[in-house]
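**Student:** Just need the structure, nothing else, for what follows:
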Amino acid sequence: MRTKSEHIGSAIPIGRGAGSNTTGRFEPLSVTPVSDDWDLPEDLPPLRTEVSDEVARSLISYNRSPDLPFDRSINPYRGCEHGCVYCFARPSHAYLGLSPGLDFETRLIARPNAAKVLRRELSAKSYKVATLALGTNTDPYQPIEKKREITRECLQVLSAFKHPLGIVTKGSLIERDIDILAPMAAQGLVRVGISLTTLDAGLSRRMEPRAPSPKRRLRMIERLSQAGIPVRVMTSPVVPGLTDHELESLLEAGQQAGADAASWIMLRLPREVSQLWQEWLAEHEPGRAEKVMARLREMHGGRDYDPRWGHRMRGEGIYAQMIAQRFKAAVKRLGLRTKSPPLRCDLFARPAQAGDQLSLF
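**Tutor:** Residues are numbered from 1 along each chain as shown. Alright, predicted model coming up:
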């Protein structure tokens, strides 16, 4: 019987981003596949996606990071089937006793009671409203959302409370929820960020194997903006030596599709992501691997990644400054914002619920 661990050290499985499944860093034991030389070489079957349910006790996560534009977020799912090899969220799977490699994109956790918990938390008298971020760790519109509809249920709660919301996604399934998002946008309650990494469909398929194509993402920007929903084109991550030459083209394509704002983040390689990324480079871009890693280390003081606040998102040094200057010039030429108007918090109201005492006035 083959297991996902058998893919360690092998070529990257078809339709997946990671090429290995190294045991999570908190596990006392590790599994290493060893051939007994009895079987003839053969291709392993495609890895199937497994989904488990988790009964959430809380949903809203708070952070104090000074380089993030929000202090709270929700995530209906753990893990992400899009399989973006560079995803900075991969190390979070280790906290579940799973691998940040193939497990992250094939062993997913759904939180079916998320909307119920969210309603309870927003109803608390102690809750103070501020913009809530959706999709900051894993994509709320990954493929399993089509069947589970947990994200949609959460949107219905947020709409009922008139709660401000920022969404980040690559998933075209967001178009399904325009019926909820458009009325919220009309009240100044929502904005959406669409991640656009490259315009090269082949490169996108290799880096982000189960995410919509660049062309499809541009169509998402167009449809959302036509519905009156403000959209930010997120040129993230910028990959030095691989996608950096596309920066201006990405911004222009996003602006032409209807985006009114833009942002950028440099490729980040925290913890296990560095190993996974270097495996990917060796498999898909061996001729550029040395240059890509040299640029990254140049921006992070010789390390693959610098986790310090104020440095982790964009790095430092001459190359990082050059990308920042190119971005600044391009958004100015295209008329794109880098800071969007704040979403409205003054409309927030707790809707009446069963059992509430009615007011006499």
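**Student:** Near residue 225, how many other residues are there?
**Tutor:** Counted with other C-beta atoms under 10 Å, residues neighbouring residue 225 total 18. For the C-beta atoms, the positions are set from N, CA and C on the backbone; glycine is no exception.
**Student:** quick check, it in a strand?
**Tutor:** No - assigned with DSSP: H, G, I helix; E, B strand; the rest coil, residue 225 falls outside any strand and is helix.
**Student:** what sits against it?
**Tutor:** Residues counted as contacts of residue 225 (C-beta atoms under 8 Å, 6 or more residues apart in numbering) are 231, 257, 258, 259, 260.
**Student:** cutoff 7 Å now
**Tutor:** If you count contacts by C-beta atoms under 7 Å, 6 or more residues apart in numbering, residue 225 has them with 231, 258, 259.
**Student:** same thing with residue 266?
**Tutor:** Listed by C-beta under 7 Å, 6+ apart, the contact set of residue 266 reads 237, 238, 299, 313, 314, 315, 320.
**Student:** what about the fourth one, which helix or strand?
**Tutor:** With the criterion set as DSSP states H and E, no secondary-structure element contains residue 313; it sits in neither a helix nor a strand.
**Student:** how close does the nearest residue to it once chain neighbours are set aside sit to residue 352?
**Tutor:** Excluding the flanking residues, the one nearest residue 313 by C-beta to C-beta, 6 or more residues apart in numbering is residue 265, at 5.0 Å. Look at residue 265 and residue 352: by C-beta to C-beta, to the nearest Å, they are 41 Å apart.
**Student:** Neighbour count for those two, which is higher?
**Tutor:** residue 265 (16 against 10).
**Student:** next structured bit after the host helix or strand of the more buried one?
**Tutor:** For residue 265, the host element (DSSP H and E) is strand 261-266. Counting by DSSP H and E, the next helix or strand C-terminal to strand 261-266 is helix 273-284.
**Student:** Tell me which stretches of the stretch 51-200 of the chain form strands.
**Tutor:** 61-62, 72-74, 77-78, 107-110, 132-134, 165-169, 190-195 (DSSP state E, counting those that start in this stretch).
**Student:** Residue for residue, what is the longest helix the chain has?
**Tutor:** Counting by DSSP state H, the longest helix found in the chain is helix 318-334.
**Student:** pLDDT of that helix, averaged?
**Tutor:** Averaging pLDDT along helix 318-334 gives 97.
**Student:** ok, and what's touching it?
**Tutor:** Here helix 318-334 has contacts from 238, 240, 244, 247-248, 251-252, 255, 262, 264, 266, 295, 298-299, 314, 338, using C-beta under 7 Å, 6+ apart.
**Student:** Among those, which ones are in helices?
**Tutor:** 247, 248, 251, 252, 255, 295, 298, 299.
**Student:** check contacts around the third one.
**Tutor:** Under the criterion of C-beta under 7 Å, 6+ apart, the contact partners of residue 251 comprise 233, 235, 262, 330, 331, 334, 336.
**Student:** Try it again at 6 Å.
**Tutor:** Applying C-beta atoms under 6 Å, 6 or more residues apart in numbering, we find residue 251 in contact with 262, 330, 334.
**Student:** What of residue 166?
**Tutor:** 131, 133, 191.
**Student:** what separates residue 270 from residue 110, distance-wise?
**Tutor:** Residue 270 sits 24 Å away from residue 110, going by C-beta to C-beta.
**Student:** Look at the two and report which has more neighbours.
**Tutor:** Comparing residue 270 with residue 110 by other C-beta under 10 Å, the one with more neighbours is residue 110, at 20 against 17.
**Student:** so who does the more buried one touch?
**Tutor:** Counting by C-beta under 6 Å, 6+ apart, residue 110 has contacts 51, 53, 77, 148.
**Student:** what bridges to it?
**Tutor:** Beta-bridge pairing for residue 110 (DSSP bridges): residue 53, residue 77.
**Student:** quick one: pLDDT of it?
**Tutor:** With respect to pLDDT, residue 110 scores 98.
**Student:** Now do it against residue 66, distance only.
**Tutor:** 32 Å.
**Student:** just residue 160 next, same as before
**Tutor:** Relative to residue 66, and taking C-beta to C-beta, residue 160 is found at 32 Å.
**Student:** Repeat that for residue 32.
**Tutor:** Separation of residue 32 from residue 66 (C-beta to C-beta): 41 Å.
**Student:** out of the contacts of residue 266, which one sits closest to residue 178?
**Tutor:** Lowest distance from residue 178 to the contacts of residue 266 (C-beta to C-beta) belongs to residue 237, with 27.3 Å.
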